[in-house]
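Visitor: pasting the sequence and the predicted coordinates here, then a few questions.
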Amino acid sequence: MRLFAALPFGYPRGLTREQMSWQARMLGIADIFEALTAVDRPYKHGMKLSRA
């Protein structure tokens, strides 16, 4: 999912927001948050929680 979840394309199946369960949307938000704040990535520094 990653950052594609925030795009209006319903990646990967072209679903609209109304067609996705609230659990799937929350999992997408949590996944994006984790990707932004992770400090164990060799290619970037994690974002501070106060900024995320």
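Guide: Received it, and whenever you're ready, just let me know what you need. Numbers count the residues shown, from 1 in each chain.

Visitor: secondary structure class for Arg51?
Guide: Recorded secondary structure, Arg51: coil (DSSP: H, G, I helix; E, B strand; the rest coil).

Visitor: distance of it from Gly14?
Guide: Distance from Arg51 to Gly14, counting by CB to CB, to the nearest Å: 32 Å. C-betas here are computed from N, CA, C, even on glycine.

Visitor: what of Ala38?
Guide: The value you get for Ala38 to Gly14, if CB to CB is used, is 28 Å.

Visitor: comparing the two, which residue is more hemmed in?
Guide: For Ala38 and Gly14, the more surrounded residue by other CB atoms under 10 Å is Ala38, and the numbers stand at 12 against 8.

Visitor: the more buried one touches Gly46, doesn't it?
Guide: Yes: using CB atoms under 8 Å, Ala38 makes contact with Gly46 at a distance of 5.2 Å.

Visitor: tell me, how many residues neighbour Lys48?
Guide: By other CB under 10 Å, the residues close to Lys48 number 9.

Visitor: hmm, I was thinking of Met47
Guide: The number of residues near Met47, taken as other CB under 10 Å, comes to 14.

Visitor: checking the residue nearest the centre of the chain next. Helix, strand or coil?
Guide: With distances taken as CA atoms, centre = their mean, the residue of the chain nearest its centroid is Ile32 (2.6 Å). Reducing the assignment at Ile32 to three states with three-state DSSP gives helix.
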